[in-house]
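Undergrad: sequence? don't have it. structure:
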Ligand code: FAD
């Protein structure tokens, strides 16, 4: 029968397109459906990639403006051209869009640009502007991702009250950006505009920023953003409303004691998280169950309650991260092909691309305390690192948590220059269940940032060399 596939994937984000490639590699006849004109999903079009492009551009400006003078370099007449910066970001995205399309062709994955919805457990209706048709598949994978979430009473009007998507295409640098939510997206996009000159105020419901990471990381990042970029933090504040007044916005919040504060800015960025996206998928036609939080419910093989229908990425339980979505995609492809894959959810690194960067893998100290685990801590400040001093990037700390009896590494948390890449070493070490002593006994190049990790491991037994 024509258009009969082994696997149909709905959604082309880092979950969907990676699944498609892996399915094709395994010899499965594969189709991918994407409702937008370009492939790559949130991550490529309005998430990871464009935000990193803007972070990179704004960091260059900030470095030249505030940090190169000490190196004996002075620059006159420094200017920001936001339009050009955003155009460069669009070019970066478009280059990678082309790359994903090329990979689909190369792997002979059939791409349908349409909105997909379930007719029955093997039939998907494809609706595009000019056409409606159905295709069938033995297995269907839901990879429809997520959308920005808001709070009751706050409507993201996309003008003054914006989500990350609009924050990546602003026409002007805000004078005062109010960020609701002290998580990763808020800190990253807040940094972009603070570097370009905006005053940034963060309203956060809990008592600290980066609430899901090791507490020390949030504390250190908060200090740094305040000192270097003038961030203002209103912690323990619950945002209760936001009003677009035409040329500005008023955000109201309640503090711990029930007092109301009102803050005026020119934009309010809602960055309280994202919600799974299943609208229009027709899940009710096949009886696929959702969790109480609206995620597609799956078993440990990522299969839904309907046999042959799987779900991966932001639309299921777990951290909303591109590499987690991709891991799950590979996993499901291999399950369908009859293999026995494995994902270690404890070893999915989390990264914040601020300056300094923050990264983390494994357990936080707070989690170990809650579990009643007997653990040890080793720490090394970047201020004692030769490499960090040469580049003037001395903010930060490497922190390792180990099992007090066996010395196995249970968690690694880094704030400092290049933390995004540094987390690779502890992730590999933990995958091989290494001890802190294992890392400490491996020769590390000098002078490097990754020496700091070795020093933190030595500090577990209080034998660090440089502190
Ligand atoms: P998505 O990427 O959301 O893709 C889902 C796709 O499905 C979309 O293209 C959508 O159009 C399509 N779709 C939905 N319904 C249908 C339908 N019915 N028919 C056809 N198509 C449909 N993660 C990181 O790991 N690192 C980062 O640095 C990072 N930075 C981020 C920065 C920002 C500003 C944001 C918003 C997110 C960031 N993320 C980051 C998170 C990351 O983008 C997501 O975790 C990731 O995109 C999830 O991938 P996914 O494949 O599950 O879904």
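TA: Done, it's in. Because the structure is a prediction, the values reported are computed rather than measured. Numbering: from 1, shown residues only.
Undergrad: what's the neighbour count on whatever residue of the stretch 151-300 of the chain ends up closest to the ligand?
TA: Closest residue of the stretch 151-300 of the chain to the ligand, Cβ to the nearest ligand atom: residue 164 (3.7 Å). The C-beta positions use only the backbone N, C-alpha and C, and glycine is treated the same way. Residues within reach of residue 164, counting by other Cβ atoms under 10 Å, total 20.
Undergrad: need the pLDDT of it.
TA: Reported pLDDT at residue 164 in the predicted model: 98.
Undergrad: one more: residue 154?
TA: Listed pLDDT for residue 154 reads 96.
Undergrad: how about the one 5 residues further on?
TA: According to the model's per-residue confidence, residue 159 sits at a pLDDT of 98.
Undergrad: tell me the contacts of the spatially most central residue of the chain?
TA: Closest to where the C-alpha atoms of the chain average out (Cα atoms, centre = their mean) is residue 321, at 4.7 Å. For residue 321, the contacting residues are 348, 350, by Cβ atoms under 8 Å, 6 or more residues apart in numbering.
Undergrad: please apply the same query to residue 374.
TA: 403, 404, 405.
Undergrad: any idea how far the last one lies from residue 432?
TA: Right, the one you point to is residue 405. Separation of residue 405 from residue 432 (Cβ to Cβ, to the nearest Å): 19 Å.
Undergrad: ok, the first one next?
TA: In this view, residue 403 and residue 432 are 15 Å apart by Cβ to Cβ.
Undergrad: the two: who's more crowded?
TA: residue 403 (16 against 8).
Undergrad: and the residue of the stretch 101-250 of the chain that's closest to the ligand?
TA: Residue of the stretch 101-250 of the chain nearest the ligand, by Cβ to the nearest ligand atom: residue 145 (2.0 Å).
Undergrad: report the longest helix in the protein, please.
TA: helix 82-106 (DSSP state H).
Undergrad: got the residues of the stretch 151-300 of the chain near the ligand?
TA: Residues of the stretch 151-300 of the chain lying near the ligand by Cβ under 6 Å from any ligand atom: 164, 185, 277, 280, 281.
Undergrad: ok so, going back, ok, now which ones touch the residue of the stretch 151-300 of the chain closest to the ligand?
TA: Here residue 164 is in contact with 46, 47, 51, 148, 185, 189, 269, 271 (Cβ under 8 Å, 6+ apart).
Undergrad: with residue 333 instead?
TA: So residue 333 contacts 7, 19, 22, 23, 25, 26, 28 (Cβ under 8 Å, 6+ apart).
Undergrad: helix or strand for it, which one?
TA: Assigned by DSSP states H and E, residue 333 falls within helix 322-336.
Undergrad: that helix: how far from the chain's middle?
TA: How far helix 322-336 lies from its chain's middle: 17 Å, per Cα atoms, centre = their mean, to the nearest Å.
Undergrad: mind listing what's buried in it?
TA: Under the neighbour-count criterion of 16 or more other Cβ atoms under 10 Å, helix 322-336 has 322-336 buried.
Undergrad: those strands in the stretch 251-400 of the chain, which residues are they?
TA: Taking DSSP state E, counting those that start in this stretch, the strands of the stretch 251-400 of the chain run over residues 260-265, 267-270, 274-276, 309-311, 350-352, 357-362, 375-381, 396-403.
Undergrad: what lies in contact with the third one?
TA: Under the criterion Cβ under 8 Å, 6+ apart, residues 144-149, 293-296, 314-316, 320 lie in contact with strand 274-276.
Undergrad: and the longest helix of the chain, what's its mean pLDDT?
TA: On average, helix 82-106 scores 98.
Undergrad: what strands line up against the following helix or strand past it, and which way round?
TA: The C-terminal neighbour of helix 82-106 among helices and strands, as given by DSSP H and E, is strand 110-113. Paired strands of strand 110-113, with direction, are strand 30-34 (parallel) (DSSP bridges).
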